[in-house]
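J.: Requesting a structural model of the entry that follows:
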Amino acid sequence: MQIVHTIDALRQALAGQGKPAFVPTMGNLHEGHLSLVRRARHHGDVTVASIFVNRLQFLPHEDFDSYPRTFEDDCAKLRAHGCDILFVPSESDLYPQPQTFKVQPDPALADILEGQFRPGFFTGVCTVVMKLFACVFGTSSGGVAVFGKKDYQQLLVIKHMVQQFALPVEVIGVDTTRAEDGLALSSRNRYLSPEQRDQASALYVQLQWLANQALEGKEPLHQLEAKAMERLAAQGWQPDYLTVRQRMNLLTPDVGAIQSSTLVALGAARLKNTRLIDNLEF
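T.: Coordinates of the predicted model:
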């Protein structure tokens, strides 16, 4: 695996390599990330990953400085799973000047759910992804980018961005990797104490309950969502939202439009100091 740190070095490494398959990450890699790398290997001529903790998508009170950084371990995992090129820019490499040009996503999609609780988050995400796409695909006629479905809203925002800017990139979403008890793998799981880890699957359990109740259709959706939040709060969580939305646009489904294979239940909640997100397509 070749490790490069600058945009010029990345482009030199990619020259003549054909179509890249790209997995952007913030490091602290786990099996979920590695499943993306394995998928990418089947969709391109050269497999590229990046590690960059993007300051633009962190709010002032969030964990940018303390976000887990495990570079040597990450490199070993990527080598073992067939990554060809690893791009590890510093902030000065990727943002040599203050990033005053930013990508502003559609507020109808980006200012709800995560965007409501983390204002500006998706502007930071779109800006860094657009820049990484320019770095990785700038020497080719396009390629593939692979993202996990755990960040469901993020995946949808990026797909819409690619479509609206006519970028020559196919965005592929990969199912969430879970522990045996259902907890979605996440870099932030590292913040959980052993006791909190035992409680952490409750978010997914409540999303399953919400999805099942929504399909039964015995109560209005807003009442079921409120009950799901109450059930989670009763277990010591601080929920931001547990909700059912349409997969295509994350809008609330119309009354009578609750049917399987078109919906997703999404949730975000804090367990002590750790905020977790998850979702369930149904």
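J.: what is the rounded mean pLDDT of stretch 41-61?
T.: The average pLDDT for stretch 41-61 rounds to 96.
J.: And for stretch 195-212?
T.: Across stretch 195-212, pLDDT averages out at 98.
J.: got the CA coordinates for it in CSV?
T.: Below are the C-alpha coordinates for stretch 195-212, written out as CSV (Å, rounded to 0.1, in the frame of the first residue of the first chain):
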residue,chain,number,x,y,z
GLU,A,195,-21.5,-0.7,31.4
GLN,A,196,-22.6,1.8,28.7
ARG,A,197,-21.6,-0.7,26.0
ASP,A,198,-24.0,-3.2,27.4
GLN,A,199,-26.8,-0.7,27.2
ALA,A,200,-25.8,0.7,23.7
SER,A,201,-27.9,-1.7,21.6
ALA,A,202,-31.1,-0.2,23.1
LEU,A,203,-31.1,2.4,20.3
TYR,A,204,-31.3,-0.2,17.6
VAL,A,205,-33.9,-2.2,19.6
GLN,A,206,-36.2,0.9,19.8
LEU,A,207,-35.8,1.5,16.1
GLN,A,208,-36.9,-2.1,15.5
TRP,A,209,-39.9,-1.6,17.7
LEU,A,210,-40.8,1.7,16.0
ALA,A,211,-40.6,0.1,12.5
ASN,A,212,-42.7,-2.8,13.6
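J.: Mind listing what's buried along that stretch?
T.: Of the residues in stretch 195-212, 196-197, 199-207, 209-211 count as buried by neighbour count, 16 or more other CB atoms under 10 Å. Quick note: C-beta positions are derived from backbone N, CA and C, even for glycine.
J.: Now do that stretch: distance to the chain's middle.
T.: Per CA atoms, centre = their mean, to the nearest Å, the displacement of stretch 195-212 from the mean C-alpha position of its chain is 19 Å.
J.: re the thing from before, I'd like to know which of the buried residues of stretch 195-212 is nearest to V128.
T.: Using CB to CB, the shortest approach to V128 within the buried residues of stretch 195-212 belongs to L203, at 26.5 Å.
J.: Just the helices from the stretch 151-282 of the chain, written as ranges.
T.: With DSSP state H, counting those that start in this stretch, the ranges of helices along the stretch 151-282 of the chain come out as 152-164, 194-199, 202-216, 221-233.
J.: Take those and write them to TSV, including distance to Q259.
T.: Below are the helices of the stretch 151-282 of the chain laid out as TSV (distance: least, CB to CB, whole Å):
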stretch	distance to Q259
helix 152-164	19
helix 194-199	33
helix 202-216	8
helix 221-233	13
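J.: Torsion angles phi and psi at the residue sitting furthest away from the middle of the chain?
T.: Taking CA atoms, centre = their mean, the residue of the chain most remote from its mean C-alpha position is K218, at 32.7 Å. Taking degrees, to the nearest 10, you get phi -90, psi -20 for the backbone angles of K218.
J.: Mind pulling the model confidence for it?
T.: Reported pLDDT for K218: 91.
J.: repeat for the one 3 residues further on
T.: L221 is assigned a predicted lDDT (pLDDT) of 96.
J.: ok, how many other residues are close to it?
T.: L221 has 20 neighbours, counted by other CB atoms under 10 Å.
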